[in-house]
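Engineer: Sequence first, then the predicted structure, then my questions.
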Amino acid sequence: MFFKKQKFALGLDIGSHSIKVAEITDSSHGLQLKNFGIAAVPAQAIVEGVVKERAQVADIIAALVNNLKITGKRTAASIAGYSVIIKKINMPLMSDKELEDNIAVEAAQYIPFDINDVYIDFQILGASVEKKDRMDVMLVAAKRETIDEYSELIRDANLVPTIIDVDPFALENAYEANYDTENHNIALVDIGASKININILINGVSTFTRDASFGGDQITDQIRSKFDLPYDQAEILKISGNVNGDKRPILEEIFSSTCSLWTMEIRRAIDFYYANYPDHSLAKIVLSGGSAKIAGLSDILRLETDIPVEIFDPFARIDVDPDRFDPEYIRQVGPQAAIAIGLALRSVET
């Protein structure tokens, strides 16, 4: 008997600082990286998830896809921020069909938008621990305007929008493909240019999510201000940390104060999680995103939370051909590739 290989979507992570594209295939060795690329996005072209310069961003995506010689069109992208509501809710036990018929009415209680202005999706997590006649459901609502705008952007780039996911679940998908998730609880923390996504998994099931409007741009903006540098040079200095003389203490203070602010926000989310799940201690915090490797962040976070911290490797169980991809480059870009890899692992119908 012959089995058709699973087809995966083209993973497209549209960030405010860069576009990431990933393509995964099934091979005889398992999952294999076929393509990966990053392209910079001009400042202010995308602001807090809102695409301000659609034609320009579409051209960047199309050029990146063409340069990588990607032929697949079916694309999975994701959104985050205040246009998305993710909430775990408790409902009476019912079938998928019954839930589908009733979810809009139930969702209206939790969504701060007009129910007609959102797309709604859900996943049944299982029977409630406290009451066996009820069940836990993960509710996701996204503003139609945002979904439609991202879909049009993808079409403008000559691709086909097939899946519009949300960042925390794309990150979870990448984690599940590369790590064991059973019998321990973890916090996935993605720190991008303008946002922090927190997704806490209990035994592999997403249980708590939170977004915060913080990110690497805070450091870049402070470097620009303190050292009177243009944006591009401030970004380079942020990444390299290369500064001498009396400027080094200034840079170190920027890193330290910003990492402390991020840590405070992450710790606040973890404290809220513990208030609701006191018996489910976290085994570790896993950092991803372009700002995950900011100097000192892991150490501060570990000290403040008393939880082990590690950097996400989205290629841990994905075969990467060293003749096609420089191993050092893959190691360096790993944390910021996580969402794109998670999206590239979404299956699409053939």
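Structural biologist: Everything's here; your move.

Engineer: ok, Leu139 touching Tyr119?
Structural biologist: No - in this structure, Leu139 is not within contact of Tyr119 by C-beta atoms under 8 Å, at 11.8 Å. The C-beta positions use only the backbone N, C-alpha and C, and glycine is treated the same way.

Engineer: So these two - more neighbours on which side?
Structural biologist: Applying other C-beta atoms under 10 Å to Leu139 and Tyr119 shows that Leu139 carries more neighbours, namely 20 against 13.

Engineer: Please point out which parts of the strand or helix carrying the more buried one sit buried.
Structural biologist: Assigned by DSSP states H and E, Leu139 belongs to strand 134-143. Neighbour counts over strand 134-143 (16 or more other C-beta atoms under 10 Å) mark Met135, Asp136, Val137, Met138, Leu139, Val140, Ala141, Ala142, Lys143 as buried.

Engineer: Is the residue nearest to Asp217 when sequence neighbours are not counted in a helix, a strand, or coil?
Structural biologist: Nearest non-adjacent residue to Asp217, counting by C-beta to C-beta, 6 or more residues apart in numbering: Ala193, 4.9 Å away. Classification of Ala193 by DSSP: H, G, I helix; E, B strand; the rest coil places it in coil.

Engineer: contacting residues around stretch 324-339?
Structural biologist: 11, 13, 18, 20, 22, 33, 36, 38, 78, 167, 170-171, 174-175, 190, 192, 287-290, 292-293, 311-315, 320 (C-beta atoms under 8 Å, 6 or more residues apart in numbering).

Engineer: one more time with 6 Å, if that's ok
Structural biologist: Outside stretch 324-339, the residues that touch it by C-beta atoms under 6 Å, 6 or more residues apart in numbering are 13, 167, 170-171, 174, 288-290, 292, 311-315, 320.

Engineer: Would you map the helices across this structure?
Structural biologist: For the chain, applying DSSP state H gives helices covering 54-67, 96-107, 144-156, 167-178, 217-227, 231-240, 248-276, 297-305, 327-344.

Engineer: Which of those helices sits closest to Ile202?
Structural biologist: helix 248-276 (9.4 Å; C-beta to C-beta).

Engineer: rewinding a little: can you pull the contacts of the residue nearest to Asp217?
Structural biologist: Counting by C-beta under 6 Å, 6+ apart, Ala193 makes contact with Ser16, His17, Gly215, Gly216, Asp217.

Engineer: follow-up on the earlier one: next, format the buried residues of strand 134-143 as CSV and append distance to Leu282 and pLDDT.
Structural biologist: Below are these laid out as CSV (distance: C-beta to C-beta, whole Å; pLDDT from 0 to 100):
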residue, distance to Leu282, pLDDT
Met135, 25, 90
Asp136, 19, 88
Val137, 23, 90
Met138, 19, 90
Leu139, 23, 91
Val140, 23, 93
Ala141, 27, 93
Ala142, 27, 93
Lys143, 31, 93
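
Engineer: what's the closest of those residues to Leu303?
Structural biologist: Closest to Leu303, out of all of the buried residues of strand 134-143 and judged by C-beta to C-beta, is Met138, at 32.0 Å.

Engineer: ok, what's across the strand from the closest one?
Structural biologist: With DSSP bridges applied, Met138 shows beta-bridge pairing to Lys88, Gln123.

Engineer: Not counting its neighbours along the chain, what's nearest the residue positioned nearest the centre of the chain?
Structural biologist: Geometric centre of the chain, nearest residue: Asp167, 3.7 Å, by C-alpha atoms, centre = their mean. Of all residues not flanking Asp167 in the chain, Ala80 sits nearest, at 3.9 Å (C-beta to C-beta, 6+ apart).
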